[in-house]
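> Next input, structure requested:
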Amino acid sequence: MTWTPEQCGQFLDTVEGERLYPLFHVAAYYGLRRGELIGLTWADVDLATRRIHVRDDVKSDDSDRVITVDQGTADVLEA
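This is a model prediction of the structure:
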């Protein structure tokens, strides 16, 4: 099932106060797969440069990458 942007926005608005909101935010905005999200640690996140090192041992070496996030996402992760 694929959500429309409106459905995704409604979901994020609904879970905004939840402990896992930053994880949901990153998933929604950057399309990380479940295994990639579960594997993230704070050591993979650099808020100063707004980069997240995504590792996925299950997939190929190509899935090991660095993504640059927007300032809003960095603010969500910092909070």
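> Wait, Arg50 touches Val66, no?
No. With contact defined as Cβ atoms under 8 Å, Arg50 does not reach Val66; the gap is 10.6 Å. C-betas here are computed from N, CA, C, even on glycine.
> what's the average pLDDT for stretch 10-17?
Stretch 10-17 carries an average pLDDT of 96.
> As PDB, could you dump the C-alpha coordinates of that stretch?
C-alpha atoms of stretch 10-17 as PDB (Å, rounded to 0.1, in the frame of the first residue of the first chain):
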ATOM      1  CA  GLN A  10      -1.900  12.900   8.600                       C
ATOM      2  CA  PHE A  11       0.000  10.000  10.000                       C
ATOM      3  CA  LEU A  12       3.000  12.100  10.900                       C
ATOM      4  CA  ASP A  13       0.700  14.700  12.500                       C
ATOM      5  CA  THR A  14      -1.000  11.900  14.500                       C
ATOM      6  CA  VAL A  15       2.300  10.400  15.900                       C
ATOM      7  CA  GLU A  16       4.200  13.600  16.400                       C
ATOM      8  CA  GLY A  17       4.400  13.200  20.200                       C
END
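> I'd like the distance between Asp13 and Gly72.
According to Cβ to Cβ, to the nearest Å, Asp13 and Gly72 sit 14 Å apart.
> for Ala28, what are its contacts?
Cys8, Phe11, Leu12 (Cβ atoms under 8 Å, 6 or more residues apart in numbering).
> what do you get if the cut-off is 10 Å, keeping everything else the same?
Contact analysis of Ala28 by Cβ atoms under 10 Å, 6 or more residues apart in numbering lists Trp3, Pro5, Cys8, Gly9, Phe11, Leu12, Thr73.
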